[in-house]
Structure formats: C-alpha cells, structure tokens
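> got a sequence here, can you model it:
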Amino acid sequence: MDKGSLARWTRRHPDGSLGLRLFLACLAVFLVAVPFTGLAALVDTRWGPLRRLDLSSTKHANSWVLHHHALVSPLRATSYIFHAWVFRLIVTGLAVWLFHQGARRLAAWAMTTLVAAGFLDVLLKVVIDRPRPTLPSAIAHAPGGSFPSGHALTAVVGTTTIVLILLPVLHGRWRVVAWAAAILISVASGACRVLLGVHFVSDVLAGWILGAAIVVGTSAAFETWRRDEGREPVHPIQEGTEPEAAEEIAGHGDHSHAT
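Here you go, the predicted model:
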C-alpha cells in the first residue's frame, strides 16, 4: 500500500487506520527489540563464540590504542563530552523549555523517553551483572556493570530525541544534517568506550539497539495519542514527533496553553 492509497484508506476507515498504524508501530518495536533480547540472552549465558569475539576485539582495540598513545586524550575527551549525563541534562533542559513554551505533551514525551532509558540501563546492568573487561594495561576504568553500555544507549536516545523534537523547525538539507550528526555522535560515543577498554563490543551494540527500541516505542505511543486526538498522521523520521508544535519549539508559542 503506497502513501496515497494509505491516505485515502485512512479517510474512509479512521478506526481501521489507527489499528493498522498501531500494528506497524508494534512491529517496528518488535523488530528492534528482538535483536537486543537475543544478544542479552547470549551474554547472560556466556555463549562461547560471542565471549571469544568480545575478548579478542577488546584486546586488539586496547593494543591498537596503546600503540597510538596520542589517541588516548581525544578518546577520553570524547567519552566525557558524550557522557550519559550530558545528554540527560540537554534533553531535560529542552523539555523544560518546551513545557514553558506550551508544548507540554512533547516535553512529557521527551522526559518519559529519557527516564525509561535510564531505568532500563540501571536495571539491566544489575540483572545481567556482566563484569567489565579486564586488561593488563588498562587505559581507563569505569564503575558498575558492563552490559549494556550506558554511553551508547543514552547517546542514541539523547540525539534521536533531540532530532525528533527539532525536525519541525528544520528544513531541507538541515534535516539530513541533523540525522547524520545524531548517527555520528552515537557511533563515536560507543566506539570510544570499546577503544578505552571499558566495554565489550556487544555492550555497545546492545546499547545502540536498546536505545533505538526505546525511542521507537515511546514515539509509537505518542503517535497513538495524536491519532486519538484526531490529528493528522505523521512520519516522525521526516517530520518530527509533533510537527504542529513548530511555533512552540521555535519559541513563539502561547505559554498559557499546552499542545
């Protein structure tokens, strides 16, 4: 069913369209969450091939950085700049701004996404309780469990949430630039943790996948609310989570009304 056909079918069958969209949203969440669940199960059961791959890749990454010692400071700086708390503070500040401008539903969505990511990160670290890599010449150290990578998880959630909020006020190539920046930051945040020797590759992959699943899930829930309110369906990746809040996002909203 192409976009035009879906639009015509939507007008004739509004309830059916909602059901279809909810099904597609749930399918998207399922397709993203299944790889994470499988990866978590392999880590928890200490599956031999994955364990050997993790140990080998971590040792090789550590050895490579030690032979290129000039990279240590930039990697540490990257780890600090893209720390989970940096994204948490930025998203929280943006949510406060949106609430003040009147986009209160959008602010609630942003905070819900952020809190869900933080909660799952802590819960999974405790439940799986995977030790961090042990290296003879460690470059960096980090507390807590290793799986999943909090840096990778929060980088995906933080950058994606910011982009989905800002898309309504971005146009043309700037939308492409925003998504490219989100991907680049997420990759850099996760990669530096492996290169510093504080996470295995599977930890970072799990963080990326779980972060994507969380954003897809909360975005689907928000789109359900929009449809229940009788608003036009949107494509969040192209238009943002709430395109009709463009004025509030830009700072021109009515502070006395919530969107």
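
> which residues of the stretch 101-250 of the chain fall in helices?
Secondary structure of the stretch 101-250 of the chain (DSSP state H, counting those that start in this stretch): helices located at 104-128, 150-166, 173-195, 201-228, 236-239, 246-249.

> and the angle for the longest one with helix 104-128?
Read it as helix 201-228. Orientation check (axes from the mean of the first three to the mean of the last three C-alpha atoms, to 10 degrees): helix 201-228 against helix 104-128 gives 150 degrees.

> go on, the second one?
Comparing the axes of helix 150-166 and helix 104-128 via the same axes, to 10 degrees yields an angle of 170 degrees.

> ok, which of the helices of the stretch 101-250 of the chain comes nearest Phe87?
helix 150-166 (2.8 Å; C-beta to C-beta). Every residue, glycine included, has its C-beta placed from N, CA and C.

> looking at the helices of the stretch 101-250 of the chain, which one is packed in the most?
Of all the helices of the stretch 101-250 of the chain, helix 150-166 carries the top mean neighbour count, a mean of 26, counting by mean count of other C-beta atoms under 10 Å.

> what packs against that helix?
If contacts are counted by 3 or more C-beta pairs under 8 Å, 6 or more residues apart in numbering; DSSP states H and E, helix 150-166 sits against helix 84-101, helix 104-128, helix 173-195, helix 201-228.

> returning to what we had before: how about the helices of the stretch 101-250 of the chain, which one is nearest Ala33?
helix 201-228 (4.5 Å).

> next one: the closest one to chain centre, how far?
7 Å (C-alpha atoms, centre = their mean, to the nearest Å).

> what is it packed up against?
Using 3+ C-beta pairs under 8 Å, 6+ apart, helix 201-228 sits against helix 14-44, helix 48-67, helix 104-128, helix 150-166, helix 173-195.

> what are the buried residues along the second one?
If you call a residue buried by 16 or more other C-beta atoms under 10 Å, then helix 48-67 has these buried ones: Leu50, Asp54, Thr58, Ala61, Asn62, Val65.

> could you check how far the second one is from Val194?
Spatial separation of Asp54 from Val194 under the definition C-beta to C-beta, to the nearest Å is 10 Å.

> pull up the overlap in contacts between the two.
Phe200, Val201 (C-beta atoms under 8 Å, 6 or more residues apart in numbering).

> report pLDDT for Lys3.
Lys3 carries a pLDDT value of 46.

> next, name the residue at the spatial heart of the chain.
Nearest residue to the geometric centre of the chain (C-alpha atoms, centre = their mean): Val157, 2.4 Å.

> show me the contacts for it.
Residues near Val157 by C-beta under 8 Å, 6+ apart: Phe87, Thr113, Leu114, Ala117, Gly211, Ile214, Val215.

> surely Thr160 touches Ile214?
No: with contact defined as C-beta atoms under 8 Å, Thr160 and Ile214 do not form a contacting pair (9.1 Å).

> how about the CA coordinates for stretch 81-97, as PDB?
Output of stretch 81-97 as PDB, limited to C-alpha atoms (Å, rounded to 0.1, in the frame of the first residue of the first chain):
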ATOM      1  CA  ILE A  81      31.700  15.200  26.100                       C
ATOM      2  CA  PHE A  82      29.300  12.400  25.100                       C
ATOM      3  CA  HIS A  83      28.700  11.200  28.700                       C
ATOM      4  CA  ALA A  84      25.200  10.000  29.500                       C
ATOM      5  CA  TRP A  85      24.700  12.900  31.900                       C
ATOM      6  CA  VAL A  86      25.500  15.400  29.200                       C
ATOM      7  CA  PHE A  87      22.600  14.100  27.100                       C
ATOM      8  CA  ARG A  88      20.300  13.800  30.100                       C
ATOM      9  CA  LEU A  89      20.900  17.500  31.000                       C
ATOM     10  CA  ILE A  90      20.400  18.700  27.400                       C
ATOM     11  CA  VAL A  91      17.200  16.700  27.000                       C
ATOM     12  CA  THR A  92      15.900  17.800  30.400                       C
ATOM     13  CA  GLY A  93      16.700  21.500  29.600                       C
ATOM     14  CA  LEU A  94      15.000  21.100  26.300                       C
ATOM     15  CA  ALA A  95      11.900  19.600  28.000                       C
ATOM     16  CA  VAL A  96      11.800  22.400  30.500                       C
ATOM     17  CA  TRP A  97      11.900  24.900  27.600                       C
END
